[in-house]
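Participant: The amino acid sequence is not available; the structure is as follows:
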Ligand code: ATP
Ligand code: MG
């Protein structure tokens, strides 16, 4: 068993000693059977949240309405969720209410895909009532039960199906895909925040191309924020080396033909963090720059390493260039910069004030920029005395 499971076994044992059942469930069991690294383990139990809180002295109610309690133990923290079914899906979203049950099988039945509907006990025995192991071996994503009903209960599952296509490089079962295609429009009932979580996972997966191709083929893209008019842009992604591109770079590519204002609106509609929005804007600004930003030391200096490298990759991808070469070149350009930060400049604003005996004002910043450019372009050594002499010679003193 994986270290993470082993570390959690005593937690399962404590729950069992109190007279309840407890299992590992969901993604960690799937990833374990796949032989993939496990990030975190989810534990499901027949004990109610109140019963769990009686067993463990330190807990936090992180999702108690849905039956989840965070147990804080010396060995770490554990999310423990009571077996539940979900009832009354009235609007294609999460259920109106959850009902705690004592049966593991009922809990597994409410899960989205067979590969995610397995449990493992403390000794490593797999409980697999829906043949998840078989589908894993066949690399197949298939809903637990009727796909039409399952997507209607929670439309987010359609988005999850595509993110697993990308993440695991699996195929979506034909019947599940047909149903997704038929029901695509109900994804619009789902909160953007939940869609974004899955879409970002799609963007970091190993087979993004396949997932994008299904997103287009199924028509699901039309109901995602701001994507209904972007079929052409999304279609172009299929010809790009997506496996070499990270999420922010792909957002930039999707946005590259959009005007500045529309871009901000589109990214905000996706509820992306402001930091990501700003990064996409900075990347695109560089990509669009003429003449090419890569040869401008000042552009590279101002953008910093991260944005420079991402912009170079995006540009290469868009122009049919070699993304790996572009990435390497951009790192090289950045590393070659004589100074990396304004604080590395041998002259400060205070030096200029002393040399010039003038009042502070915008001129200080202007002068520093002129000096910076000259230093970056290797026209001037980053040496205080030399800079002073250079200023005198240029009549800037
Ligand atoms: P990851 O490794 O990316 O975390 P995961 O399968 O663990 O993948 P989570 O979103 O963490 O995905 O969900 C944990 C488990 O909860 C899933 O494996 C699945 O059993 C169940 N689940 C999550 N979301 C849904 C949903 N919308 N409908 C039904 N079951 C779900
Ligand atoms: Mg998970």
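Facilitator: Received the coordinates, thanks. These figures come from a predicted structure and were not determined experimentally. Ligands and ions are numbered 1, 2, ... in the order given.

Participant: what about residue 116, distance to residue 229?
Facilitator: Using CB to CB, to the nearest Å, one obtains 33 Å as the distance from residue 116 to residue 229. Bear in mind the C-beta positions are built from the backbone N, C-alpha and C, glycine included.

Participant: what do you get for residue 33?
Facilitator: As defined by CB to CB, residue 33 lies at a distance of 41 Å from residue 229.

Participant: my guess is residue 287 meets residue 310, correct?
Facilitator: No - Residue 287 is beyond contact range of residue 310, at 9.3 Å (criterion: CB atoms under 8 Å).

Participant: Any chance you could list residues touching both of these two?
Facilitator: Both residue 287 and residue 310 are in contact with residue 252, where contact means CB atoms under 8 Å, 6 or more residues apart in numbering.

Participant: quick one, which of residue 33 and residue 229 is more surrounded?
Facilitator: Shown here are residue 33 and residue 229; by other CB atoms under 10 Å, residue 33 has more neighbours (17 against 11).

Participant: Show me what from this protein comes close to ligand 1.
Facilitator: 26-27, 42, 111-112, 116, 154, 156-157, 160, 201 (CB under 6 Å from any ligand atom).

Participant: In space, not sequence, find me the middle residue of this protein.
Facilitator: Central residue of the chain (CA atoms, centre = their mean): residue 200, 3.8 Å from the mean position.

Participant: which residue sits closest to that residue in space, ignoring its chain neighbours?
Facilitator: residue 247 (5.8 Å; CB to CB, 6 or more residues apart in numbering).

Participant: The one you found and residue 137, how far apart?
Facilitator: 30 Å.

Participant: Neighbour count for those two, which is higher?
Facilitator: residue 247 (16 against 12).

Participant: wait, doesn't the more buried one sit right on residue 201?
Facilitator: No - counting by CB under 8 Å, residue 247 does not reach residue 201; the two are 9.3 Å apart.

Participant: Would you mind giving the secondary structure of residue 72?
Facilitator: strand (DSSP: H, G, I helix; E, B strand; the rest coil).

Participant: Name whatever forms a beta bridge with it.
Facilitator: Taking DSSP bridges as the rule, residue 72 bridges to residue 77.

Participant: So which residues of the stretch 151-300 of the chain form helices?
Facilitator: 156-168, 174-183, 192-203, 208-218, 231-237, 247-255, 260-269, 274-288, 297-318 (DSSP state H, counting those that start in this stretch).

Participant: Switch these over to a markdown table; also include distance to residue 354 and mean pLDDT.
Facilitator: Output for the helices of the stretch 151-300 of the chain, formatted as a markdown table (distance: least, CB to CB, whole Å; pLDDT from 0 to 100):
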| stretch | distance to residue 354 | mean pLDDT |
| --- | --- | --- |
| helix 156-168 | 59 | 98 |
| helix 174-183 | 70 | 98 |
| helix 192-203 | 51 | 97 |
| helix 208-218 | 56 | 97 |
| helix 231-237 | 54 | 90 |
| helix 247-255 | 43 | 96 |
| helix 260-269 | 41 | 91 |
| helix 274-288 | 35 | 96 |
| helix 297-318 | 26 | 97 |
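
Participant: Without its sequence neighbours, what residue ends up closest to the residue of the chain found nearest ligand 1?
Facilitator: For the chain and ligand 1, the shortest gap (CB to the nearest ligand atom) falls at residue 27, measuring 2.2 Å. Using CB to CB, 6+ apart and skipping the chain neighbours, the partner closest in space to residue 27 is residue 116 (6.5 Å).

Participant: cool, and residue 381?
Facilitator: residue 375 (7.5 Å).
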